[in-house]
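# starting from these lines, generate the structure:
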Amino acid sequence: MIKGYAGRILEVDLGRRSFSFKPLDEETARLYIGGKGYGTRLLYDRTEAGIDPLGPENPLIFATGPLNGSVAPQSNRFAVVAKSPLTGGIGNAACGGSFAFGMKKAGIDVLIVEGRAAGPVRLACGARAPTRPRPCCARAGTTR
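Numbers count the residues shown, from 1 in each chain. Reported below is the predicted structural model:
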């Protein structure tokens, strides 16, 4: 595996309440460096033209880059990629915080969330937490 990558993609299907791990494609990681590049390529490969941006067939892709988790300045960032409801094209956002480091620590480079859950769910990933969508407790102010 290329240095800096954990080598795994976690795919979560909320509709089926299932998950699976897939290997990170090294060739794609070399050609599309970083979370934004890799996530954009995955979105392009996994979606058809004309899908509903707010539909269950539009995956939400969280992707980290090879420098994430290192001592490099400003490297604790990740990209969120999906089809944009505003433009209908590829939409992405660069985010910071501890989420990207947590993904890398759990051995995950890319998290792909697909489908639509019947109700609110939460996803717990990590060494001590099982990786699966679980029912979420309703919190104050988060009701429909």
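
# so where's the chain uncertain?
Along the chain, the parts satisfying pLDDT under 70 run over 126-144.

# so who does the closest residue to residue 26 other than its chain neighbours touch?
Among residues not flanking residue 26 along the chain, residue 2 sits closest, at 5.8 Å (Cβ to Cβ, 6 or more residues apart in numbering). For glycine as for every other residue, the C-beta is placed from the backbone atoms N, C-alpha and C. Residue 2 makes contact with 26, 29-30, 66 under the criterion Cβ atoms under 8 Å, 6 or more residues apart in numbering.

# can you give me the strands for this protein?
8-13, 18-23, 60-64, 77-83, 90-96, 110-114, 121-124, 132-135 (DSSP state E).

# which one of those strands is the most hemmed in?
strand 60-64 (a mean of 24; mean count of other Cβ atoms under 10 Å).

# name the helices or strands packed onto the longest helix along the chain?
When the chain is parsed with DSSP state H, its longest helix is helix 34-46. Judged by 3 or more Cβ pairs under 8 Å, 6 or more residues apart in numbering; DSSP states H and E, the packing partners of helix 34-46 are helix 26-31, strand 60-64, strand 77-83, strand 90-96, strand 110-114.

# distance check, the residue nearest to residue 1 when sequence neighbours are not counted against residue 88.
Nearest in space to residue 1, with sequence neighbours left out and distances taken as Cβ to Cβ, 6+ apart, is residue 7 at 4.1 Å. Separation of residue 7 from residue 88 (Cβ to Cβ, to the nearest Å): 33 Å.

# what number of residues lie near residue 85?
Residue 85 has 11 neighbours, counted by other Cβ atoms under 10 Å.

# next, give phi and psi for the nearest residue to it once chain neighbours are set aside.
Spatial nearest neighbour of residue 85, excluding adjacent residues (Cβ to Cβ, 6+ apart): residue 53 at 4.0 Å. Main-chain dihedrals, residue 53, degrees, to the nearest 10: phi -60, psi -20.

# ok, residue 53 - how many residues close by?
Counted by other Cβ under 10 Å, the residues lying close to residue 53 total 16.
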